[in-house]
Each structure stands twice: as structure tokens, then as C-alpha cells.
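In: Pasting a predicted model and its sequence here:
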There are 2 protein chains.
Amino acid sequence: MKTKATFYHAGCPVCVAAESHVAGALDPARYEVEVVHLGQAKNRVAEAERAGVKSVPALVLGGAAYHINFGAGIEALR
Amino acid sequence: MKTKATFYHAGCPVCVAAESHVAGALDPARYEVEVVHLGQAKNRVAEAERAGVKSVPALVLGGAAYHINFGAGIEALR
């Protein structure tokens, strides 16, 4: 069964570069990658915060949040 | 031909968690992953800095540096 990997971003240039490189580099045989644009899907901000996301872009992998560089704080997206 | 991916860390708990998850999640069919412990390989700090690494853990992927969470500033490793 594949592990769920969720990549949260907000459409900023830092996010988009990280998305295409990092999320696209994950092993498709082991990870099912979902990309969530929090600027558009504001109803998912709370879910991201519960997963430990403090800024975007961030990758939630197997329940752990990894913040990749820094685009925007999560509080700016609520 | 595989793209080179270099994961720089310094052995701290934040780094080790990021290494095992993120570096281990990359697609082995497309990426050749090298893990560099900058605390032990101080001769590679300059190379990391040239690649744009400002803190560890960091992943350099196709020439771009992605800082993952924050373990230590690169200046602490010189």
C-alpha cells in the first residue's frame, strides 16, 4: 500500500519551484502524492495545521511535516 | 541518466528524521542520492555553500537547494 504524501503550497514562486522539484521527485511506486493549494482550498488549512504545517511550502510525509524553504506562514492563509 | 540529489545534514535529530523520510522517499529510478554529514565531512561545507545551502538539513536537487525544517545554520559547521 502506498504512503500518503501531501504537498501544501500557496501558489507563490518558492512553493511552485519546490512542488515541481521535491514533490515530483518522490518515488511513485511508494508514495501517492496529493498537491493542495491552500490559497484556493482554504477549507484545508485546519487539516494542514493539525498535521504540523507552520509555513508553506510543506510536505507531510507519513504523518510528519517537513517545511521546505519558506514561502508564507500558515497564519497568512487562514 | 539519473539526476544527482545531495542531502546535507549534521547528525542532529531534526536532520536524521528528515534524511530517513525525505531523502529515502525520492524515486531511486530517477535520482542518485548522496548523503553528506557536514559535521564529519567539513571539507564539503564550501561545496554546500556554493550550492546555496544556508542551513541543514538541506536537499540539493538538480542544482537547487531546498532547506527542510531547520537543524543548524551552515555557519555553525565551518
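Out: Perfect, thanks for sending it.

In: so where's the longest strand in chain A?
Out: strand A:64-73 (DSSP state E).

In: which helices and strands does that one pack with?
Out: helix A:13-18, strand A:55-61, strand B:64-73 (3 or more CB pairs under 8 Å, 6 or more residues apart in numbering or on different chains; DSSP states H and E). Bear in mind the C-beta positions are built from the backbone N, C-alpha and C, glycine included.

In: For the lowest-mean-pLDDT helix or strand in chain A, give me every contacting residue.
Out: Lowest on mean pLDDT, DSSP states H and E among the helices and strands of chain A sits helix A:13-18, with a mean of 84. Applying CB atoms under 8 Å, 6 or more residues apart in numbering or on different chains, the external contacts of helix A:13-18 come out as A:9, A:56-57, A:68-72, B:64, B:66.

In: Check stretch A:43-56 too.
Out: A:6, A:8-10, A:12, A:15, A:36, A:38, A:58, A:60, A:63-65, A:67, A:70-74, A:77-78.

In: Of those residues, keep whichever come out buried.
Out: A:6, A:8-10, A:15, A:36, A:38, A:58, A:60, A:65, A:67, A:70-72, A:74, A:77 (16 or more other CB atoms under 10 Å in any protein chain shown).

In: Closest to chain B out of these?
Out: Closest to chain B out of those is residue A:67 (5.3 Å), distances taken as CB to the nearest CB.

In: I'd assumed residue B:69 was in contact with that closest one.
Out: Yes: using CB atoms under 8 Å, residue A:67 is in contact with residue B:69, at 5.3 Å.

In: that older thread, what comes into contact with the longest strand of chain A?
Out: In contact with strand A:64-73 (CB under 8 Å, 6+ apart) are residues A:9-10, A:12-15, A:18, A:22, A:51-60, B:17-18, B:21-22, B:66-70.
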